[in-house]
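**Q** need a structure here:
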Amino acid sequence: MHAKKKFLFVYPRIPETYWSYRHALRFLRRRAVMPPLGLATVAAMVPREYECRIIDMNVERLRDEDILAADLVLISAMIVQSSSMAGVIARCRRLGTAIAAGGPYPTACSDRMEGVDYLILGEAEESFPRFLEDYARGRAQPRYEASRKPDLDSSPIPRFDLLPMKKYDTVPIQFSRGCPFDCEFCDIVQLFGRTVRTKSPRRFVAEMEAAYVTGFRGSMFVVDDNFVGNHRKAKELLQEIIRWQRSRGFPFKLYTEASIDLAHDAELLDLMVAAQFHMVFVGIESPVKGSLTATGKLHNLSRDIVDSVRTIQRRGIEVTGGFIIGFDTDPPDIFDRQIRFVQKLAIPTAMVGLLIALPRTRLHSRLEREQRLRDLPTGNNLSATRMNFTPALPDEVIAAGYRRVLRTIYAPSRYFSRCLALLRIYPKARRTRSNVSKVRGREILALLHSFGQQAFSRYGMYYIRFLVRALGRRPDQAVRVFTMAIQGHHYMAVTRSLFPDRSTSGIIQ
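**A** Residues are numbered from 1 along each chain as shown. Here you go, the predicted model:
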């Protein structure tokens, strides 16, 4: 008998950002937010005659012995992981192990992939089986590219069993790909198209079941770039999720990303609440109407954005907001406008980033024609202070203003003020038999850790004042109160590490 071929799937390290939540995860005894859904899905396409292993460098160390034991290393990465990915490729070259690369970064920047034996580009359901067939016959080609957009029901159920699920805070799952909108700076349309493709509701809950049988309980993130890209299909899915959640005692609380038109569909919002959605990320971008118009974000102008955010918040769903600085139409006072806008919206988690010209976007093409492009972006628009193109405002003005925005919105007084404002907006928590409404043992430990560390921190006075006011007014939201506090610890720690400035010690406590 021939020994099984060994495939080693590697997920590169993600640098510390506001999205990494590393400082907050320590309170929960978790190593990373989410496992690599893409690699778990691709691993499920591999026949059982191969031996598969996944190493996520965000939760465990990749050793030379792991690489040497593999017949093939398969790596997937986003642009933000490019540096770590380059290190893995160099190690494979040094150790003589063949390597295949795919995912968003290699697909968008295939011309920059050096040292890779095989490129598997586009959506893996289309390109990876052709590679596998040729690899098994010993005639694999250097490049495979998806020629069409696959039916998502053809995607296999991810191999969650290959992942150390207890090391993660959240399990990822996908319903759709594509977005009906075409914002100039966004690469989703280029990667997945404007036609929203979805999985059938029954197929989707089968993946929920696959995560459930691993024993994982808690947060589940629906990773769609726009969960409500097709309202009708989203409603059909939500009805199935509600039935499944009830049958299992509501093991998961759900999060996702969506466009602001979610707020304009009361039935859709009601179904999301019933399905136990607790948070939605919305690309709000800017308070400047001219910037929204210029970038094609017209759906954010159809109704008052503050009223739309309030509509979602009043249903008990937290809005996490994406905000962008660096549009050509931004006025010189954009920094003050963004600070006021974030506070007015009562959005505790405000991800304010510099505009990035991503490869293959309409923005990238326009700036290339205008000869304004600089180097390849890092993908981390929440820590860089130099844009990858020449902006309309002077570089030094943007860098100084951007630092000031982040220092200000994540100053303890400002952050906790937004949290209190949001708690006043939330509806009264309903009594429910849902397991997600109960405080679990790990959450109790996190609360104790939070108090023990944050109460005696440099911002301890603000923390204690927040707890007293928040728990006094909203004891029904106790878990959310401590969650806000723990997340705030991460945001403040990252802000201090990215933008240290002793002169602002009175702001960043």
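
**Q** which one is residue 307 nearest to, not counting chain neighbours?
**A** Using CB to CB, 6 or more residues apart in numbering and skipping the chain neighbours, the partner closest in space to residue 307 is residue 263 (7.9 Å). C-beta coordinates here come from the backbone N, C-alpha and C atoms, glycine included.

**Q** Quick check: the one you found touching residue 312?
**A** Yes - between residue 263 and residue 312 there is a contact under CB atoms under 8 Å: 5.2 Å.

**Q** who's more crowded, those two?
**A** residue 263 (26 against 22; other CB atoms under 10 Å).

**Q** so the residue nearest to residue 307, which of the three states?
**A** The three-state label given to residue 263 by DSSP: H, G, I helix; E, B strand; the rest coil is helix.

**Q** residues touching it, list them.
**A** 269, 303, 307, 308, 309, 311, 312 (CB atoms under 8 Å, 6 or more residues apart in numbering).

**Q** I'd like to know how far it sits from residue 282.
**A** Plainly put, residue 263 is 9 Å away from residue 282 if you go by CB to CB, to the nearest Å.

**Q** Please apply the same query to residue 262.
**A** For residue 262, the distance to residue 282 (CB to CB) stands at 8 Å.

**Q** Could you pull out the residues contacting both of the two?
**A** residue 312.

**Q** what is in contact with residue 263 and residue 282 at once?
**A** Common neighbours of residue 263 and residue 282 are listed as 309, 312 (criterion: CB under 8 Å, 6+ apart).

**Q** Report how far apart the opening and closing residues of stretch 270-282 are.
**A** Separation of the first and last residues of stretch 270-282 by CA to CA, to the nearest Å is 18 Å.

**Q** Check which residues of it are buried.
**A** Using 16 or more other CB atoms under 10 Å as the test for burial, stretch 270-282 gives 271, 272, 273, 275, 276, 277, 278, 279, 280, 281, 282.

**Q** quick one: which helix or strand includes the second one?
**A** Taking DSSP states H and E as the criterion, residue 272 maps to helix 266-274.

**Q** what's downstream of that helix, the next helix or strand?
**A** Trace forward from helix 266-274 with DSSP H and E and the next one is strand 277-285.

**Q** Do I have it right that residue 395 meets residue 389?
**A** No - with contact defined as CB under 8 Å, residue 395 does not count as touching residue 389 (10.6 Å).

**Q** Those two: which has the busier surroundings?
**A** Set residue 395 next to residue 389 and count neighbours by other CB under 10 Å: residue 389 wins out with 20 against 12.

**Q** For that one, what are phi and psi?
**A** Main-chain torsions, residue 389, degrees, to the nearest 10: phi -150, psi 160.

**Q** Who is it paired with across the strands?
**A** Beta bridges link residue 389 to residue 373, judged by DSSP bridges.

**Q** For it, report the pLDDT, please.
**A** Looking at residue 389, its pLDDT is 96.

**Q** Contacts only, for it.
**A** Contact partners of residue 389, counting by CB under 8 Å, 6+ apart, are 357, 367, 372, 373, 374.

**Q** any idea of the pLDDT on the second one?
**A** Read that as residue 367. 97.

**Q** go on, the last one?
**A** In this model, residue 374 is scored at 92, pLDDT.

**Q** How many residues are close by it?
**A** 12.

**Q** correct me, but it touches residue 390?
**A** Yes - between residue 374 and residue 390 there is a contact at 7.0 Å, judged by CB under 8 Å.

**Q** Would you map the helices across the stretch 1-150 of the chain?
**A** 22-28, 37-43, 64-68, 82-95, 104-108, 124-136 (DSSP state H, counting those that start in this stretch).

**Q** In TSV: those helices, plus mean neighbour count and distance to residue 179.
**A** Output for these, formatted as TSV (neighbours: other CB atoms under 10 Å; distance: least, CB to CB, whole Å):
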stretch	mean neighbour count	distance to residue 179
helix 22-28	20	29
helix 37-43	23	18
helix 64-68	14	37
helix 82-95	18	24
helix 104-108	22	15
helix 124-136	18	19
